[in-house]
Each structure stands twice: as structure tokens, then as C-alpha cells.
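*Asks:* can't give you the sequence, but here's the structure:
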Ligand code: MF3
Ligand code: CO
Ligand code: CO
């Protein structure tokens with residue numbers, strides 16, 4: 001059975017399996033953290049160019065986050081030592097920034113989570129270095145559609161499985177594979193909380209959405225089969241068949257009538273090409 005817990009943003013929140021239902025303080029906190037996260041992704045758009053290393057982008061994320069009075073929530077998280085995740089080409093998620101040089105035609109996801117005044121703004125977008133292949137562009141477009149199909153459905157009364165099923169249906173209609181090993185999640189004062197938001201599943205199943213719920217939707221969609229493999233570093237997840245993969249992520253809050261997107265781009269840089 002799903003348990004919900006009303007929180008007002010001041011109490012200590014525990015990862016106790018309950019789904020938190022937040023009030024106005026939570027919305028205000030998430031609005032600020034989410035906006036900062038989206039501004040950081042906006043600022044990265046002109047920096048993603050052939051020749052730049054993923055470590056340089058990570059440095060930029062750390063500086064922008066700290067300058068804004070926030071901390072990267074990934075820094076020190078379960079032993080992770082970077083300020084964001086950068087996942088290139090066939091890397092599904094949790095790519096570790098390094099001295100690797102981005103080259104013409106690469107596609108990459110950058111995932112940032114500033115922790116601002118106790119609230120987590122978690123969002124990611126795809127970027128393209130130079131010009132991507134038609135296949136890669138189509139994958140990116142459909143993955144963005146998968147995210148927004150889920151976001152636009154989110155409202156009180158539907159179930160999480162309705163979102164999962166709609167995302168899966170759209171991805172599979174293009175013969176893409178939906179990654180099962182990683183999912184969206186509740187968040188707020190905690191980085192990763194209940195519920196799990198899976199991106200493939202059955203309509204009519206899972207917890208019912210209620211006003212005050214905060215969670216991410218972050219589909220990972222593969223050009224090939226859905227299978228993933230973990231590299232020896234314990235973080236990097238890659239497609240088993242080495243096919244290209246894409247991901248977008250928003251943090252949202254359920255309102256009385258629908259949802260508020262906390263991480264919408266202030267500059268309208270929703271998906272590539274960003275024209276910068
Ligand atoms: N931002 C990721 C997410 O969307 C989590 C990254 S955790 C890390 O949930 F440790 F890998 F950075
Ligand atoms: Co997330
Ligand atoms: Co994220």
C-alpha cells in the first residue's frame with residue numbers, strides 16, 4: 001500500500017518509503033533550486049563544443065553552482081566526486097567527467113543537481129557537439145517527446161504507471177529500447193526518495209498522483225535494445241549493444257490541477273540544436 005506524508009518543509013525528512021506531499025514552502029524551495037539547475041544547463045549550451053573535455057564542463061558546473069550559493073548534490077554522494085554526470089554517446093547515465101575530449105558529432109547528456117537552501121533541483125538535457133547524425137537527432141527528439149508526454153500527463157488522480165506506459169509506448173513505436181535499470185524518483189529535501197518513477201510499465205498501476213508530490217521523470221531511451229551494462233568504475237552505465245542512447249530529465253511538482261515544471265529552461269533551450 002502506498003503511504004503519503006504531509007510535510008511543510010521544516011521537519012527532518014526520512015527515506016522511510018512514504019511519498020511526501022509538500023506545501024507552499026516546498027514549491028518555493030523547489031522553484032528556486034530548479035531554476036538554478038535549468039540556468040546552469042542553459043549556460044552550458046555554448047560551452048559544449050568539439051575540443052572541450054568533460055572535466056572542463058564539470059568545472060563550469062561546480063563554479064556556477066557554488067557562485068549561486070548552492071552545492072552540487074552529487075559531490076560526495078555515495079562516493080561520487082564530481083559536480084555533474086556527463087554521459088557521451090553510448091553511455092546511458094552516470095558518466096564520470098574526465099580528460100576525455102568531446103569530438104564533432106558526439107551527443108551527450110549533462111545531468112546537474114544543485115542543492116539550494118535545502119532543496120534539490122535535478123535536471124538533464126542532451127547536447128550535440130557540432131552536427132549529429134540524422135539517427136542521433138531523431139533519437140534525441142523522440143526522447144524529449146517521451147519526457148514531455150510524461151510531464152504533460154502528470155496531474156492529480158492519474159497513476160504513475162499511466163506515465164510509464166505512455167513513455168514506453170512512444171519510445172517503442174519508434175523501435176527504441178526503454179532502459180529499465182534506472183528510473184525517476186521522488187525528491188525535495190532528499191535527492192532520491194520514494195516513489196520510483198519507471199519509464200516502462202502498465203497503465204492503471206502504481207501510486208496515485210496527489211497535489212504536493214515532487215518527482216523527476218528522466219527516461220533513458222536506446223537506439224537499440226534496452227539492455228545496459230555497468231563499467232568497472234561502478235558508475236558508468238552503457239548500452240549493452242553499444243547503441244546510442246539519450247535522456248532528458250525534469251523535476252516537477254503536482255498541483256491541484258496539473259503540474260509545475262521546476263526545471264524549465266528560462267532561455268527556451270529545451271532540446272538541441274540550441275543555436276548558440
Ligand atoms: N542526477 C542523477 C539523477 O537524475 C543522479 C546522479 S547521482 C551520481 O538521479 F552520484 F551519479 F551523481
Ligand atoms: Co534524477
Ligand atoms: Co539527474
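*Replies:* Sure, I can see it. Only a predicted model underlies this, so the values are computations on that prediction, with no experimental measurement involved. Ligands and ions are numbered 1, 2, ... in the order given.
*Asks:* Got the phi and psi for the nearest residue to residue 199 once chain neighbours are set aside?
*Replies:* Of all residues not flanking residue 199 in the chain, residue 219 sits nearest, at 4.2 Å (Cβ to Cβ, 6 or more residues apart in numbering). The way it works is simple: take the backbone N, C-alpha and C, and place the C-beta from them, glycine included. Per-residue torsions, residue 219: phi -60, psi 140 (degrees, to the nearest 10).
*Asks:* what sits against residue 219?
*Replies:* 143, 146, 147, 150, 167, 171, 178, 179, 199, 247, 248 (Cβ atoms under 8 Å, 6 or more residues apart in numbering).
*Asks:* Would you quantify the distance from it to ligand 2?
*Replies:* 11 Å (Cβ to the ion, to the nearest Å).
*Asks:* do residue 50 as well
*Replies:* 28 Å.
*Asks:* do residue 202 as well
*Replies:* 22 Å.
*Asks:* With adjacent residues omitted, what lies nearest to that residue?
*Replies:* residue 161 (5.2 Å).
*Asks:* Show me what the helix or strand harbouring the one you found is packed up against.
*Replies:* Following DSSP states H and E, one finds residue 161 within helix 160-173. Other helices and strands packing on helix 160-173, by 3 or more Cβ pairs under 8 Å, 6 or more residues apart in numbering; DSSP states H and E, are helix 134-153, strand 177-178, strand 193-197.
*Asks:* among the ones you listed, which is nearest residue 276?
*Replies:* helix 134-153 (16.3 Å; Cβ to Cβ).
*Asks:* Tell me which residues of the closest one come out buried.
*Replies:* For helix 134-153, a neighbour-count test (16 or more other Cβ atoms under 10 Å) marks 136-137, 139-140, 142-151, 153 as buried.
*Asks:* so, if you compare those residues, which one comes nearest to residue 239?
*Replies:* Out of the buried residues of helix 134-153, the member with the shortest distance to residue 239 (by Cβ to Cβ) is residue 139, at 11.4 Å.
*Asks:* what does this protein put close to ligand 2?
*Replies:* Contact residues (Cβ under 5 Å from the ion) of the chain with ligand 2: 122, 216.
*Asks:* repeat that with 6 Å
*Replies:* 122, 185, 216, 218, 249 (Cβ under 6 Å from the ion).
*Asks:* May I see those arranged in TSV, with neighbour count, distance to residue 129 and secondary structure as well?
*Replies:* As requested, these are exported to TSV (neighbours: other Cβ atoms under 10 Å; distance: Cβ to Cβ, whole Å; DSSP: H, G, I helix; E, B strand; the rest coil):
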residue	neighbour count	distance to residue 129	secondary structure
122	29	24	coil
185	20	29	strand
216	23	26	strand
218	26	22	coil
249	23	20	strand
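*Asks:* The helix or strand hosting residue 61 packs against which elements?
*Replies:* Using DSSP H and E, residue 61 sits in helix 54-67. If you count contacts as 3+ Cβ pairs under 8 Å, 6+ apart, helix 54-67 packs onto helix 24-44, strand 71-72, strand 84-88, strand 107-112.
*Asks:* Distance from the chain centre to the longest one, please.
*Replies:* On the basis of Cα atoms, centre = their mean, to the nearest Å, the separation between the geometric centre of helix 24-44 and that of its chain is 13 Å.
*Asks:* list the buried ones in it?
*Replies:* So helix 24-44, judged by 16+ other Cβ under 10 Å, has buried residues 26-27, 29-42, 44.
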